[in-house]
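Trainee: Sequence plus predicted model, see below.
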Amino acid sequence: VQPQWLADAEKPGEYMLNALRLNSGFALADYTARTGLPPTTLQPALDTLTARGLLLQEGTRVRASALGRRFLDSVITEFLA
């Protein structure tokens, strides 16, 4: 079986599939370390979801709010290419 590499456009969604399921969420530096992409690639979706009360940004950490955890599949969809 040949490994398949993700396209840059797919990396945010794949990362979020795992990271937002953690109660502690993720650090923006970890996003960059794992995807090779700057946090600015997430900013439009982060801003929208934070304004809707679905995500919490606490310093350099991001996690789902209580409401966001209830609708986590919809939250993650915002990051899928």
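Mentor: Structure received.
Trainee: quick one: contacts for the residue nearest the centre of the chain?
Mentor: Note on the chain: the residue nearest the mean C-alpha position is M16, at 3.7 Å, using C-alpha atoms, centre = their mean. When contacts are counted by C-beta atoms under 8 Å, 6 or more residues apart in numbering, M16 touches 75-76, 79-80. The way it works is simple: take the backbone N, C-alpha and C, and place the C-beta from them, glycine included.
Trainee: same check, this time on P38
Mentor: P38 neighbours (C-beta under 8 Å, 6+ apart): T32.
Trainee: if I look at it, how far off is Y31?
Mentor: 9 Å (C-beta to C-beta, to the nearest Å).
Trainee: So among the contacts of M16, which ones count as buried?
Mentor: For the contacts of M16, a burial check counting by 16 or more other C-beta atoms under 10 Å picks out 75-76, 79.
Trainee: So which of the residues you listed are in helices?
Mentor: 75-76 (DSSP state H).
Trainee: Now render the buried ones among the contacts of M16 as a markdown table, adding distance to L56.
Mentor: Formatted as a markdown table, the buried ones among the contacts of M16 follow (distance: C-beta to C-beta, whole Å):
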| residue | distance to L56 |
| --- | --- |
| V75 | 12 |
| I76 | 15 |
| F79 | 16 |
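Trainee: Which parts of the protein are helices?
Mentor: Using DSSP H, helices in the chain cover 11-19, 28-35, 43-51, 66-70, 72-77.
Trainee: angle of the first one against helix 43-51?
Mentor: Orientation check (axes from the mean of the first three to the mean of the last three C-alpha atoms, to 10 degrees): helix 11-19 against helix 43-51 gives 40 degrees.
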